[in-house]
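A.B. asks: Everything below, folded, please.
(2 chains)
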Amino acid sequence: MRNIRYWLLTALASGLLAACGGNDDAPGSGSPSGAPATKGSFTAVVSFGDSLSDLGAYTPATSATGNGAAPYVGGKFTTNITDLATGSNTAKVWVENLATSLGVIITPAEVGFAGQSAKCPAAANPALANSCTGYGQGGSRITNPIGIGNDGNDGAALTVPMKTQIANHLERFGSFKDSDLIIVFGGNNDAFIQFGTFAATATQIQTDAAAGKITADQAKNLLLNAQLAGQAEMKTAALELASYVRTEILAKGGKYVTVWNLPDSTLTPFGSTLPADVRPVLTSFVDVFNLWLRDGLTGQPVQLFDANSSFKEVYANPTKYGIANNTVPACDAVKIAAITGGAITDGSSLFCNGTPGVPFNGLRMLPDGTLADVNTWQFADGVHPTVGGHKLISDSALAVLKSYGWL
Amino acid sequence: MTIKLQPLVFGITLALAAGAVQAQDNIFKGGAIFYQTHDKTTGIRGFGIPPGADASVGDAWTLLFTYERMFRPDFGIELVLGLPPKIEAKGSGTTAFLGDNILSAKNIAPTLLFNYHFGAPSDTWRPYVGIGVNYTIFSDIKSKLASKVQMSDSVGIAGQIGLDYHYDKNWGAFASIGAAKVKTDLIAVESTVLTTTIDFRPVTYAFGVSYRF
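C.D. replies: Take a look at the predicted model:
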């Protein structure tokens, strides 16, 4: 009996151990670790990203005279402000606000449109030769060079992908430095492109279902497959971005590296125009991206900032953050169409100017005759922030960098 | 040395048989068992999965083998083994459109029961009750929704009530009804990650022949 009792206990114990240790953790349940906890001595902000981090890459495309020369209507994806004395754009996106707080200067890494771009235009002033570390461009994706607004032909947006943005930095500066504050924030355009593909497929499926070509259950299966296909692309994009961070930033000298996950683009004026049944698909693309980005950075010495949660907090509590309107774009698509001679009909804030009293002011006029307030309205167009919206982003960036002990 | 290399069940059999052998101390049973699930899940969670997504697990038949060692005329320890049945799950709730067989797995579920037998060994009919532990491992897990699926092992309490019919000194028949706590955490990984916890809440119905010596 004693032997048997011993055996039973052993068997039971080993069974319990197997039950506890038998499974891996679910993907995305880990965290990065090992990022520096000491204060940085920053001489540069190095920013990789898309339109949210674009410092005016496409400014020549907004030439009021249409020939690429000043004056410019816009240039940044926000409510642009023109200094009438100098012609310069004084609207600051969050990357510039952050750099200013750190006491460093950041300028666009590349400016132009299609074949007419110039790298580091600020270097015309030798004192600024090392300032052009703002790589974000409207439409840029993570790996694919054909981003939004780029049809591969002349006249198209540059949309240098983040992979190449990083390569361009290494080409110009050789490596990353301990004095670089490196911010990686992209993937939105991958989500939008996948969502566009999904929407086109879904429309076809619904047309076929309505025509009786397929059953309702077949349609649901096809819709699920279309969603899964988009999610698979987002997973790929996220793992690619994580691999660039590991192999092209961390392995090449990057020390103070913060990677931002994607905010949910359905919490925007654009998102509110989406039918309720497809909105969760775009959200799922963002969530899948964020999950695999975290998985790809698990154990890596970076700080992963949950921009998604931060953005949700602001969207849910606008007044707490000084926002009076987060549902209507501050820029008026009709005005912008008129200002651009009908060329821009989607109200893109790239062409939106908020300077009081200028004929190319593109702000929405309210019933009382005043214009939308670029400081208290959160969005300039469907997805891009006003200068007020950008300030909220830089405020949260500063707070989180302080929490890391880097500032 | 060779014993250690044998499958666990034979090791146990030998260990048990090594005790003082008396008449009718060993009982082998063979038969069929119906594995009826009353499963409850926590719902299927995952990015892009609509609220209310769920799956339900089907029932299964398989062959049953048991060995019981009597330590007293009224008390024995029984090891219950079966040919691993294939269990299948189908979509339900808002994901009913997924149809049948979205997940299949074989469950290997050895159960060790401490049985109390009423009456005397010479009785023709002897009811018994048992309580013990069920250990379930899921293998051959396949899903058309994900290429990588994990199901955690389950350890839980098990119980049974049964009735033995003794035709002669050696041969007989039995029928029993059992229940066990079988619960697994499922993680399915593709581009999205699906998770759920399945509480199978199985009730088993078994019958067959017995041989004692």
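A.B. asks: Is the nearest residue to A:Glu233 once chain neighbours are set aside in a helix, a strand, or coil?
C.D. replies: Closest residue to A:Glu233 apart from its sequence neighbours, by CB to CB, 6 or more residues apart in numbering or on different chains: A:Gln194 at 5.0 Å. Every C-beta, even on glycine, is put in place using the N, C-alpha and C of the backbone. What DSSP: H, G, I helix; E, B strand; the rest coil gives for A:Gln194 is helix.
A.B. asks: what's the answer for the one 4 residues further on, then?
C.D. replies: Local secondary structure at A:Phe198 is given as helix here, using three-state DSSP.
A.B. asks: Tell me if I'm right that it and A:Val281 touch.
C.D. replies: Yes. Counting by CB atoms under 8 Å, A:Val281 is a contact partner of A:Phe198 at 5.7 Å.
A.B. asks: which residues do the two both contact?
C.D. replies: A:227, A:230 (CB atoms under 8 Å, 6 or more residues apart in numbering or on different chains).
A.B. asks: Am I right that the residue nearest to A:Glu233 is in contact with A:Leu228?
C.D. replies: No. Counting by CB under 8 Å, A:Gln194 stays clear of A:Leu228, with 11.1 Å between them.
A.B. asks: Show me which of the two is the more surrounded one.
C.D. replies: Neighbours per residue (other CB atoms under 10 Å in any protein chain shown) separate A:Gln194 from A:Leu228, with A:Gln194 holding more: 24 against 18.
A.B. asks: what sits against that one?
C.D. replies: Contacts of A:Gln194 by CB under 8 Å, 6+ apart are A:230, A:233-234, A:285.
A.B. asks: now, which of those residues sits nearest A:Gln300?
C.D. replies: Among the contacts of A:Gln194, A:Met234 lies closest to A:Gln300 (CB to CB), at 19.7 Å.
A.B. asks: Make sure the closest one is actually in contact with A:Phe285.
C.D. replies: Yes. With contact defined as CB under 8 Å, A:Met234 reaches A:Phe285; the gap is 4.8 Å.
A.B. asks: More neighbours: those two, which one.
C.D. replies: Neighbour totals were compared for A:Met234 and A:Phe285, and A:Phe285 leads with 33 against 30 (other CB under 10 Å).
A.B. asks: re earlier: need the max-distance pair from the contacts of A:Gln194.
C.D. replies: Farthest pair in these, by CB to CB: A:Glu233 and A:Phe285, 8.3 Å.
A.B. asks: List the buried residues for the lengthiest strand in chain B?
C.D. replies: Secondary structure of chain B per DSSP state E: the longest strand is strand B:125-143. Buried residues in strand B:125-143, counted by 16 or more other CB atoms under 10 Å in any protein chain shown: B:126, B:128, B:130, B:132-138, B:141, B:143.
A.B. asks: separation between B:Glu190 and A:Leu222?
C.D. replies: According to CB to CB, to the nearest Å, B:Glu190 stands 17 Å off from A:Leu222.
A.B. asks: A:Leu398: what's its closest spatial neighbour, skipping adjacent residues?
C.D. replies: Closest residue to A:Leu398 apart from its sequence neighbours, by CB to CB, 6+ apart: A:Ser101 at 5.8 Å.
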